[in-house]
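>>> Quick one: sequence and predicted model below, then my questions.
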Amino acid sequence: MTQTSLLATAPAASSTPGQPPVAAADPIIKSLGITMRYPNGVLALENATLDIPRGELVTLLGPSGCGKTTLLKIIAGLITPTSGEIRVNDKTVYGPGPDRAFVFQDFALMPWATVLRNVAFGLELRGTPRAEREASARHYIREVGLAGFEDKYPNELSGGMRQRAGLARALTVDADVLLMDEPFSAIDEQMRRKLQEDLLSLLRVEKKTVIFVTHSIEEAVYLSDEIVLLTRHPGKVVKTIRPGLDRNASPDEIRRDQRYLDAVDDIWSQLKQYLA
Ligand SMILES: Nc1ncnc2c1ncn2[C@@H]1O[C@H](COP(=O)(O)OP(=O)(O)OP(=O)(O)O)[C@@H](O)[C@H]1O
């Protein structure tokens with residue numbers, strides 16, 4: 001499978017706090033000075049300011065506890081920050097909205113419902129008539145490679161298949177932005193690579209903006225147009241990196257590309273300074 005042009009290829013570049021940031025041409029999301037202190041006193045995020053370019057895949061990368069999930073949930077509108085503001089399409093976020101769909105790490109499928117019902121569930125909540133929502137669900141079930149499994153229950157699926165069902169459910173509600181919280185972390189390495197390739201292929205068709213959380217430097221570099229590095233105690237954005245990989249290359253060529261290897265090394269040397 002070749003990787004073609006969903007994700008605009010950009011020259012390798014980066015920005016660091018303290019230097020003038022290069023503004024995204026058309027940010028769909030702006031995080032403006034987000035600080036989050038949980039009621040137990042933990043300062044999970046401090047002054048997180050960043051732009052998410054429209055139609056790109058942006059990864060939040062950093063060590064455990066640096067606030068990646070917290071930032072994703074704040075963007076989703078699932079939790080309210082202590083201070084700061086999220087703007088989506090220039091509108092302030094006050095809660096969840098149809099413009100954003102969350103893909104959970106643990107798939108969050110309803111065990112008592114079939115794949116078809118699970119995938120159609122977001123539309124069911126919106127009151128979409130059954131025939132219409134099932135037609136849409138069947139379309140996305142095919143797109144994610146699960147055709148033939150419509151009538152199965154989650155416990156009849158592998159972890160990779162459950163994650164595909166979770167992705168199909170997020171696509172079915174037709175949100176502009178997919179928020180993916182470590183979606184592949186519970187899946188074995190071979191299947192994980194396949195899901196990564198399939199996600200990029202899917203995004204070439206679907207043209208979504210994706211914010212993707214991972215611990216994996218390799219996964220971040222392989223998937224991303226832009227990588228936002230966070231460090232912890234408190235969680236802070238320290239740098240953004242654009243790997244600038246050739247998206248027309250095959251997955252194997254990408255992983256052997258010097259720019260891929262350099263970006264992995266660069267990120268590792270940045271992050272290891274912050275590890276205890
Ligand atoms: N509901 C909560 N109440 C109190 N503290 C919390 C809560 N959720 C997260 N935290 C704390 O906030 C900090 C950031 O957590 P968060 O889950 O956002 O980090 P993360 O980078 O996503 O971590 P991981 O990679 O391990 O999932 C951590 O110190 C965590 O213990």
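Nice, thanks for sending it over. Numbers count the residues shown, from 1 in each chain.
>>> can you tell me which residue is nearest the centre of the chain?
For the chain, the residue nearest the mean C-alpha position is residue 212 (2.1 Å; CA atoms, centre = their mean).
>>> Roughly how far does that one sit from residue 152?
Using CB to CB, to the nearest Å, residue 212 is found at 27 Å from residue 152. Heads up, the C-betas are built off the backbone N, CA and C, glycines and all.
>>> Quick one: residues contacting the residue lying closest to residue 226 once chain neighbours are set aside.
Beyond its immediate neighbours in the sequence, the residue positioned closest to residue 226 (CB to CB, 6 or more residues apart in numbering) is residue 58, lying 4.7 Å away. Residues in contact with residue 58 (CB atoms under 8 Å, 6 or more residues apart in numbering) are 52, 209-212, 224-228.
>>> hang on, the earlier thing: thinking the residue nearest to the centre of the chain is in contact with residue 221, fair?
No: using CB atoms under 8 Å, residue 212 is not in contact with residue 221, being 11.9 Å away.
>>> And the helices in this protein?
Ranges of helices in the chain, per DSSP state H, are 68-76, 115-125, 130-143, 159-172, 189-206, 217-223, 251-256, 258-272.
>>> Would you tell me which of these gets closest to residue 179?
Residue 179 sits nearest to helix 68-76 of all those, at 5.2 Å, using CB to CB.
>>> which residues are contacting that closest one?
For helix 68-76, the external contacting residues (CB under 8 Å, 6+ apart) are 29, 31, 34, 36, 44-45, 48, 60-62, 79-81, 86, 88, 93, 96, 100, 102, 177, 179, 181-182, 211, 213, 230, 235.
>>> Any idea how far that helix is from the middle of the chain?
Between the centre of helix 68-76 and the centre of its chain there are 11 Å (CA atoms, centre = their mean, to the nearest Å).
>>> And stretch 258-276, by the same measure?
How far stretch 258-276 lies from its chain's middle: 20 Å, per CA atoms, centre = their mean.
>>> Sitting in strands, which of the contacts of helix 68-76 do you find?
29, 31, 34, 36, 44-45, 48, 60-61, 86, 88, 100, 102, 177, 179, 181, 211, 213, 230 (DSSP state E).
>>> Spell out which residues of the stretch 1-150 of the chain are next to the ligand.
Residues of the stretch 1-150 of the chain lying close to the ligand by CB under 6 Å from any ligand atom are 38, 40, 42, 44, 62, 64-70.
>>> didn't residue 150 look like it was pressed against residue 115?
Yes: if you go by CB under 8 Å, residue 150 and residue 115 touch, sitting 5.4 Å apart.
>>> what residues do these two have in common as contacts?
Shared contacts of residue 150 and residue 115, defined by CB under 8 Å, 6+ apart, are found at residue 141.
>>> And these two? Which one has more around it.
In this view residue 150 and residue 115 are compared by other CB atoms under 10 Å, and residue 115 has more residues nearby, 26 against 19.
>>> mind listing what that one touches?
141, 146, 149-154, 157, 165.
>>> Which of those residues are buried, as a ChimeraX select command?
To isolate the buried members of these in ChimeraX, using 16 or more other CB atoms under 10 Å:
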select :141,146,149,150,153,154,157,165
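>>> Pipe the contacts of residue 115 into a markdown table and attach pLDDT and distance to residue 193 per row.
Converted to a markdown table, the contacts of residue 115 look like this (pLDDT from 0 to 100; distance: CB to CB, whole Å):
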| residue | pLDDT | distance to residue 193 |
| --- | --- | --- |
| 141 | 94 | 22 |
| 146 | 91 | 18 |
| 149 | 95 | 21 |
| 150 | 96 | 26 |
| 151 | 96 | 29 |
| 152 | 95 | 24 |
| 153 | 95 | 27 |
| 154 | 92 | 23 |
| 157 | 91 | 19 |
| 165 | 91 | 19 |
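>>> Which one of the contacts of residue 115 is nearest to residue 131?
The closest of the contacts of residue 115, once distances to residue 131 are taken by CB to CB, is residue 150, at 14.4 Å.
>>> And for the closest one, nearest residue in space, chain neighbours not counted?
In this structure, residue 150 finds its nearest non-sequential neighbour in residue 116, 4.2 Å apart by CB to CB, 6+ apart.
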